[in-house]
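>>> predicted model follows, preceded by the sequence.
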Number of protein chains: 2
Amino acid sequence: MPQENLPPPGAPDIEIARAARMEPILGLAERRLGLAPEALVPHGHFKAKLSLDHISGMKDRPNGKLVLVTAITPTPAGEGKTTTSVGLTDGLNVIGVNAMVCLREPSLGPCFGMKGGAAGGGRAQVVPMEDINLHFNGDFHAITSAHSLLAALLDNHLQWGNELDIDPRRITWRRVVDMNDRALRNITIGLGGPAHGIPRESGFDITVASEIMAILCLATDLHDLQRRLGDIIVARTRAKEPITARDLGADGAMAVLLKDALAPNLVQTIEHNPAFIHGGPFANIAHGCNSVMATQSALKLADVVVTEAGFGADLGAQKFIDIKCRQSGLRPDAVVLVATVRALKMQGGVAKEDLGTPDVEALERGAVNIRRHIQNLKKYGISPVVAINHFIKDSQEEIDALKRICGEMGVACALSKHWAEGGEGARELAEAVKAVLDGGSPQVELLYPCEMPLGEKIETIAKEIYRAEEVVIVSSAARDLKEYEKLGYGNLPICIAKTQYSFSTDATKQGAPEGHTVEVREVRLSAGAGFVVAICGDIMVMPGLPRKPAAFEIGLDSSGQIVGLA
Amino acid sequence: MPQENLPPPGAPDIEIARAARMEPILGLAERRLGLAPEALVPHGHFKAKLSLDHISGMKDRPNGKLVLVTAITPTPAGEGKTTTSVGLTDGLNVIGVNAMVCLREPSLGPCFGMKGGAAGGGRAQVVPMEDINLHFNGDFHAITSAHSLLAALLDNHLQWGNELDIDPRRITWRRVVDMNDRALRNITIGLGGPAHGIPRESGFDITVASEIMAILCLATDLHDLQRRLGDIIVARTRAKEPITARDLGADGAMAVLLKDALAPNLVQTIEHNPAFIHGGPFANIAHGCNSVMATQSALKLADVVVTEAGFGADLGAQKFIDIKCRQSGLRPDAVVLVATVRALKMQGGVAKEDLGTPDVEALERGAVNIRRHIQNLKKYGISPVVAINHFIKDSQEEIDALKRICGEMGVACALSKHWAEGGEGARELAEAVKAVLDGGSPQVELLYPCEMPLGEKIETIAKEIYRAEEVVIVSSAARDLKEYEKLGYGNLPICIAKTQYSFSTDATKQGAPEGHTVEVREVRLSAGAGFVVAICGDIMVMPGLPRKPAAFEIGLDSSGQIVGLA
């Protein structure tokens, strides 16, 4: 249902979002998903959580088809995974397919820093935009609370005699806050004398970087959630034995704090199609996908479910398949690879300010990037549909060239104008995706088996996906990997943290770099989330605010409406 | 509507709460308060926020009558202000009065420490108990976020050149978290080099101690909220000029974060009477009352509104009248003074373990405490109704003695058995309160005029209410008071922070101490909340966890129900 009288797509996203007439969420849930009001927990009139009881009651229903939206290597030009996911969903509904979308929740902190909101854009948005960008049903606040409780219980254990013999120098559990606050990155706590804790070094990360966020997104039900919370390793003893959240008696109370947050949030696109927005783990030190609970529930409720993964396909799709799908049993039935003419020209060496000038040659130079992503996906047994996310200044020659390149690679390709035209503009893409789905599902192969040693798994990803010539695991990291294997964590998948701006670990190497070395400087065990993080480069887990933060522009107008949030 | 088949009142509160059949909140709001669903923002099926738009539309309606519930000096025996407030509300409804209750929200942190939940007890509870004790519509999380944003913007200002010339040694704005976490009381932040902030000392308080909590509870609408947020003083310049949140450009974004939190939360008593539970400022460094928004809205919706104030009447009622009423224009039409036989016996010197033994003499010795509270309330022009909150082991002789003492003081007195019997058990109290209300409202006098110098205001409270012989304001505090007056804050009311366990500043002085000295060690300006805090003693703004925190018992049972939360 496209809406009349919306502002033009060039208008600020918040104006389009606010002009969109929303359908009451209980009505939409009943009309579109056959959900009775009792199956939902309303949060206002336009948001609701799907109740955990209802979710467990749907277990035996057949699944719909799952479409993963991923992208070429990101550039400052923007590729538009979220808008494409929303636009494709609206487009599928335009052509008569009962589709819904599953997205990640935006983080509160960055809203007040650089980037403003994150709920799609133009005519491809999810609403209510302000609520989705702020607080959003309290999920991230619940994660912050559970994380804080575990931290407080840990320091409290030290304070009351440290019966478990925790080594205060080997505490890895930091604290979190959902705010960009660089001054909290490195702190000393427990100062002021015997009544005020044990002095030690620590720091805060942003909430989305919490292992609890990854856990919430991978848990399959409340019991699995509590088990994973209990498995979190927070410290080592003086004898270097791991101490878990369960050892501290924290897992029950943490699960209580997260009970409501585990339920997926139902909202709508501006074309009144259902959307789950749930969970938002970092795409570097975590896997960067929305929750398994949301994706699985959506598959019980819609014929086609569109979802996205963070960063480019080398990180996002790889982790989606090798972590989220491996752990949950989900498999994509189709994959959409989002590309833009602009981004490929940047991959071909064009500066951002020159992107308005047609340049087919640069596009062809930059196409090495998309070619490699397509080849990588084929290693998983997947032939993606390339979505050309249309920008107004794209020339016909450039679009034709990109279509030709896709043809040469043997993959489908469709131009999509959802940003300007909503679902109607995504009709071509929707038809292409529907054709793939109608043709039967691919036999998706995981990249490596669980049994492979941890170091070999890292090497496999680096060589097969990043095309590294050499993989160096520094000796301290190699030692830690051996220890994880000894402790029984050798069968976990790998979550690589590296720059999203290159296949390599050097953000400046655009296109399709070759002959590079991947260096693993550090590894971390996320025993609750169920993966081993391999860190290749500097990973920012607590952003800072810029000189002029977005917060300066955000406020209320005289009628109490929010301004400046996009 | 008393409920059938509830567990006996001695059962854990959570079992009674869970056995109570709740009425869907939108239905209750319509039936009892005449509110259409559009006037409410549902949070699940049993909680809702009253929309700010609807509140501003009710401005011209007449007000109901306001009943303040306060208490004698607290002892470890417990006095039961919240249960009495709930029981009285249910009792008023039993005798045909359309009454609702306004309470404070419990804090999340302490739930996992000592005390478990805080939503009444026995047959006098508000529900849904678990939701009220956890997250509760996100209000406290919103306060934490707004507080964190201001802190981050402040340190960010230092990082980017400190244009305002803030003195990093004179920053008074700390950070907050809604958790008992002693290791965060005293910390150093900004460590790790130039990219990570300016090193300085700081610390965390618990969220309820944030000035933003007091602001949320005193604001009369969104604009007043934003004005107060802007007025918060966070630091001084090197020239010692105050720096406000407005100077940092934070007030607009903070107001956006608090927009939803400003709307009162509607729930119900287990007897299906409406309850607003909204805001929960500390009763020491803040004024300890629920929000003005909730109280004012309730007065537009019900004939009688019952509300409570923190600690004993020397602190709670004094601040309720001289801060909340002074700022908002509210005035109590009746005051209930809660007393228990047990607590008065403790005031008379009986140890907690001996309270089960009848002891009329001890009661009479301890009655000096209630006598003084009654005299104090009379200074405000108020003749309270004494509510004897019944405990099973109270003897008839003791109850008769207390009733006689009240008679001698010329105040009404009623025995109330709401804990065991719900509203039916509070019938006698409800009749007594109704008789007072029917007799016309008192001419409530504030204790001091705004124009009085700050030091004299402190002296007035200490001498008139605490009955101090001498008031000593240490020289640094006296100097600060002079400065506040010079800056234009001389007309603010005083908020005294002292022990709640004695009229004096010595927690061990029970009964009705005389001849004592009140020493003001420090003063703080809460320019946004609109009061000057005078600190007389050690004030805890970040609690710690005990050796065996309540968190150890809190968890989920096999069906996903919360256990251990009470």
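Okay, I see it. Bear in mind that the values here come from a model prediction, so they are computed numbers and not experimental data.

>>> in three-state terms, label residue A:542 for me.
Classification of residue A:542 by DSSP: H, G, I helix; E, B strand; the rest coil places it in coil.

>>> just confirm it contacts residue A:183, I think it does.
No: in this structure, residue A:542 is not within contact of residue A:183 by Cβ atoms under 8 Å, at 9.4 Å. (Each C-beta comes from the backbone N, C-alpha and C, glycine too.)

>>> the two: which has the busier surroundings?
residue A:183 (27 against 22; other Cβ atoms under 10 Å in any protein chain shown).

>>> surely that one is within a helix?
Yes: according to three-state DSSP, residue A:183 belongs to a helix.

>>> give the closest residue to it in space, chain neighbours not counted.
Nearest residue to residue A:183 in three dimensions, chain neighbours excluded: residue B:197, at 3.4 Å (Cβ to Cβ, 6 or more residues apart in numbering or on different chains).

>>> list the contacts of that neighbour.
A:182-183, A:185, B:155, B:158-159, B:189-191 (Cβ atoms under 8 Å, 6 or more residues apart in numbering or on different chains).

>>> domain map for chain A?
For chain A, the structural domains run A:13-138+A:261-438, A:140-258, A:454-536, going by automatic domain parsing.

>>> give me the mean pLDDT for the second one.
Per-residue pLDDT over domain A:140-258 has a mean of 98.

>>> from the chain's centre, how far out does it sit?
Distance of domain A:140-258 from its chain centroid, counting by Cα atoms, centre = their mean, to the nearest Å, is 23 Å.

>>> helix or strand: which one has residue A:140?
helix A:139-159 (DSSP states H and E).

>>> could I get the buried residue list for the helix or strand that that helix is followed by?
Sequence-wise, the next helix or strand beyond helix A:139-159 is strand A:166-171, with elements assigned using DSSP H and E. For strand A:166-171, a neighbour-count test (16 or more other Cβ atoms under 10 Å in any protein chain shown) marks A:166, A:168, A:171 as buried.

>>> wait, the last one touches residue A:235, no?
Yes: the pair residue A:171 and residue A:235 qualifies as a contact (Cβ under 8 Å) at a distance of 4.3 Å.

>>> per-residue confidence at residue A:4?
So residue A:4 comes in at 72 (pLDDT).

>>> typed the wrong thing, it's residue A:538
Reported pLDDT for residue A:538: 85.

>>> tally of neighbours for it?
10.

>>> about what we covered before: which residues do residue A:171 and residue A:235 both contact?
residue A:154.

>>> name the helix or strand for the residue in the stretch 251-400 of chain A that chain B sits nearest to, please.
Proximity of the stretch 251-400 of chain A to chain B (Cβ to the nearest Cβ) peaks at residue A:252, 2.6 Å away. Using DSSP H and E, residue A:252 sits in helix A:251-258.

>>> then residue A:79?
Here residue A:79 is assigned to no helix or strand, by DSSP H and E.

>>> pretty sure it contacts residue A:85?
No: look at residue A:79 against residue A:85 with Cβ under 8 Å: they stay out of range, at 11.7 Å.

>>> now for residue A:444: which residues touch it?
A:321, A:325, A:331-332, A:380-382.

>>> show me which of the residues you listed are buried.
A:321, A:325, A:331-332, A:380, A:382.

>>> so which pair among the residues you listed is furthest apart in space?
Checked with Cβ to Cβ, these reach their widest spread between A:325 and A:382, with 11.3 Å between them.

>>> mutual contacts of the two, please.
With Cβ under 8 Å, 6+ apart as the test, residue A:325 and residue A:382 both reach A:332, A:444.

>>> strands of the stretch 251-400 of chain A, start to end?
Assigned by DSSP state E, counting those that start in this stretch, the stretch 251-400 of chain A shows strands spanning A:265-269, A:274-277, A:304-308, A:334-339, A:385-389.

>>> quick one: closest of the ones you listed to residue B:432.
strand A:265-269 (48.4 Å).
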